[in-house]
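Engineer: have a look at this fold, sequence not included:
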């Protein structure tokens, strides 16, 4: 599939990011790669965050090369970050050269899941069809082609995986994104956590283990207290959102990546459809998934940023509380820069 990718044009699409969580960055990079692939451009990543992806991932494709930077080129910029509705035709209609005929190097910015739009472009879809790429397999194929754990971290991941599945027959993976610590939106109501607890308990199986990933220690504690009859674990370390915490370190990025990998290995994933972290976990190995319905604080008592968020989401998606599948933007049937010391292993606790 993508392993035969050999660009025919001496043009580049460079995914550039200065912020965002690992979910935003990896999905943004895959958007840019798909744009490069269907247009026969070279693909590169420039990650200027404090915790760059190249410190954790390697690849058969050298997306970290700086040839695009060091060569004089005519350059352009396509910004498809959170607000992209007016520019989506750049993907669904024509080719990128129709819009940027003179740009030999196009800087690409995005943090939303844009991949489904490529399949609405007849020319792009034809090229993807020829190599057997569909909306159902495109995410895992891109991820496996572009991102492989560095060898020094594979050992830790394999250790974690062995501990997670030790002496159990069934693992439920849970990703709870609260935004409580970061002043971000959507900030969940406490009742949403109860919905997670209900979803987990409804999928109870004897001899099962629940792996929890959350951006909130309080959220984890609430889940652990409410889950009945199953072993509840998490990866050691603080609950961190690496794009929100000014003190986030490479260890935090590595922990986050391990969580995505382990959640994708779970027999059932119960997630937060409003988070690219959940999207990535499902995308990497799509199995049975349950998306818990979001509830924010009542409008009358919510802060202004939450009110604005609800208004915008209702305008773009319809009822933000019920239109889960559309908000998730995945073609699935759903319910509801200093490397870490390789001797310091994370563990399940």
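Structural biologist: Arrived safely. If you're wondering where the values come from, they're calculated on a predicted model, not measured in any experiment.
Engineer: and residue 192, what is it in contact with?
Structural biologist: Taking Cβ atoms under 8 Å, 6 or more residues apart in numbering, we find residue 192 in contact with 178, 292-295. Every C-beta, even on glycine, is put in place using the N, C-alpha and C of the backbone.
Engineer: return the distance of the residue of the chain most remote from its centre relative to residue 104.
Structural biologist: Ranked by distance from the centre of the chain (Cα atoms, centre = their mean), the top residue is residue 72, with 33.1 Å. When distance is defined by Cβ to Cβ, to the nearest Å, residue 72 is 9 Å away from residue 104.
Engineer: what's the answer for residue 232, then?
Structural biologist: In terms of Cβ to Cβ, residue 232 sits 53 Å off from residue 104.
Engineer: could you look up the SS state of residue 166?
Structural biologist: coil (DSSP: H, G, I helix; E, B strand; the rest coil).
Engineer: what count of nearby residues applies to it?
Structural biologist: Residue 166: 9 surrounding residues under other Cβ atoms under 10 Å.
Engineer: about what we covered before: quick one: which two of the contacts of residue 192 are the most distant?
Structural biologist: In terms of Cβ to Cβ, these reach their longest pairwise distance at 178 and 293, which sit 14.6 Å apart.
Engineer: a helix runs through the residue farthest from the centre of the chain, doesn't it?
Structural biologist: No. Counting by three-state DSSP, residue 72 falls outside a helix, being coil.
Engineer: contacts only, for residue 180.
Structural biologist: 187-188, 215-216, 218-219.
Engineer: output those residues in a markdown table; the columns should cover pLDDT.
Structural biologist: Formatted as a markdown table, the contacts of residue 180 follow (pLDDT from 0 to 100):
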| residue | pLDDT |
| --- | --- |
| 187 | 78 |
| 188 | 82 |
| 215 | 90 |
| 216 | 90 |
| 218 | 93 |
| 219 | 93 |
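Engineer: could you chop the protein up by domain?
Structural biologist: 2-149, 151-328 (automatic domain parsing).
Engineer: weakest of these by average pLDDT?
Structural biologist: Of all the domains of the chain, domain 151-328 carries the lowest average pLDDT, namely a mean of 83.
Engineer: now for residue 191, how many residues are close by?
Structural biologist: Count around residue 191 with other Cβ under 10 Å applied: 10.
Engineer: give me the element residue 49 is part of.
Structural biologist: Secondary structure assigned from DSSP states H and E places residue 49 in neither a helix nor a strand.
Engineer: distance of it relative to residue 99?
Structural biologist: 28 Å.
Engineer: for the helix or strand hosting residue 290, name the packing helices and strands.
Structural biologist: Residue 290 is part of strand 288-291, with elements assigned from DSSP H and E. Strand 288-291 sits against strand 268-271, with contacts defined as 3 or more Cβ pairs under 8 Å, 6 or more residues apart in numbering; DSSP states H and E.
Engineer: what pairs with the strand it packs on, parallel or antiparallel?
Structural biologist: Neighbouring strands of strand 268-271 in its sheet, by DSSP bridges, are strand 170-176 (parallel), strand 288-291 (parallel).
Engineer: let me see the ranges of the helices in this structure.
Structural biologist: Applying DSSP state H to the chain gives helices spanning 22-38, 67-70, 89-92, 96-99, 115-118, 122-130, 138-146, 151-164, 190-202, 217-226, 250-265, 276-284, 304-317, 324-328.
Engineer: quick one: closest of these to residue 108.
Structural biologist: Checking these against residue 108 by Cβ to Cβ gives helix 22-38 as the closest, at 4.2 Å.
Engineer: elements contacting the closest one?
Structural biologist: Against helix 22-38 (3+ Cβ pairs under 8 Å, 6+ apart) you get strand 12-17, strand 42-47, strand 105-110, helix 115-118, helix 122-130, helix 138-146, helix 250-265, helix 276-284.
Engineer: residue 210 contacts residue 233, correct?
Structural biologist: Yes. Look at residue 210 against residue 233 with Cβ atoms under 8 Å: they come within range, at 7.1 Å.
Engineer: and the two? which has more neighbours close in?
Structural biologist: residue 210 (25 against 17).
Engineer: pull the number of nearby residues for the residue nearest to residue 230 when sequence neighbours are not counted.
Structural biologist: Leaving aside its chain neighbours, residue 230 sits nearest to residue 208 (4.8 Å; criterion: Cβ to Cβ, 6 or more residues apart in numbering). By the criterion of other Cβ under 10 Å, residue 208 has 19 neighbours.
Engineer: next up, the contacts around residue 208.
Structural biologist: Counted by Cβ under 8 Å, 6+ apart, residue 208 has contacts 168-172, 230-231.
Engineer: which residues pair with it across the strands?
Structural biologist: Residues in a beta bridge with residue 208, per DSSP bridges, are residue 170.
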